[in-house]
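[1] The amino acid sequence is not available; the structure is as follows:
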């Protein structure tokens, strides 16, 4: 977390918070725009992230994300997904808060893609409350911050370093309890919550 805070200072990341996280949430879910998302959230809260395996191979950042306990998953591998679900449930039942990006990819921030439900099953099984979070970049960083398409980490980092500052709004929604909800219903409820938070996010003057 020390390294994450140091990198956020180097990047001149300016965070504006809207709302506040609820109490007792064990699984946090958010839209996903950039690797900067992880840095920002890691400086805000003590979370273990679930990320794609490729992240672990990135220079410097792979080591940092591994160091904060990130759980890496190979996307598209059914056995790996099932094993990750078991690991997530064990973490949740042990009271360890997890951060999941259920879009399973990054976007340009203009929309919130459908939330996958497979890795929400551990929350249903453990009856863990969920914290919806919306991320929205502002100003010139809105165009530069998204890590999408054919971007390489090194190339994207160089573009990010040209920014004078990175403006990020982090919005928190009401905690959702999975009681009587299937993982598919939970995915839809969380998706609607994050879309609402995105629409309401407004930069302060």
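    Cool, got the structure. Every value quoted in this text rests on a predicted model; they were computed, and no experiment measured them. Numbers count the residues shown, from 1 in each chain.
[2] tell me the contacts of residue 25?
    For residue 25, the contact set (C-beta atoms under 8 Å, 6 or more residues apart in numbering) comprises 97, 128, 129, 130, 131, 175. Where you see a C-beta, it was placed from the backbone N, CA and C, and this is true even at glycine.
[3] So which elements touch the longest helix anywhere in the chain?
    Among the segments of the chain that qualify as a helix by DSSP state H, the longest is helix 183-200. Using 3 or more C-beta pairs under 8 Å, 6 or more residues apart in numbering; DSSP states H and E as the contact test, the elements touching helix 183-200 are strand 27-30, helix 121-126, strand 130-138, strand 166-172.
[4] Run through who's touching it.
    18-19, 29-31, 102, 112, 114-118, 120-121, 123-124, 130, 132-134, 136, 171-174, 176, 178, 181.
[5] ranges for the strands of this protein?
    In the chain, the segments counted as strands under DSSP state E are 13-18, 27-30, 48-52, 71-73, 98-100, 130-138, 166-172.
[6] Direction included, what does the last one pair up with?
    Sheet partners assigned to strand 166-172 using DSSP bridges are listed as strand 13-18 (parallel), strand 130-138 (antiparallel).
[7] Pipe the helices and strands packed on helix 183-200 into CSV and attach mean pLDDT per row.
    Compiled in CSV, these are given as follows (pLDDT from 0 to 100):
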stretch, mean pLDDT
strand 27-30, 97
helix 121-126, 96
strand 130-138, 97
strand 166-172, 97
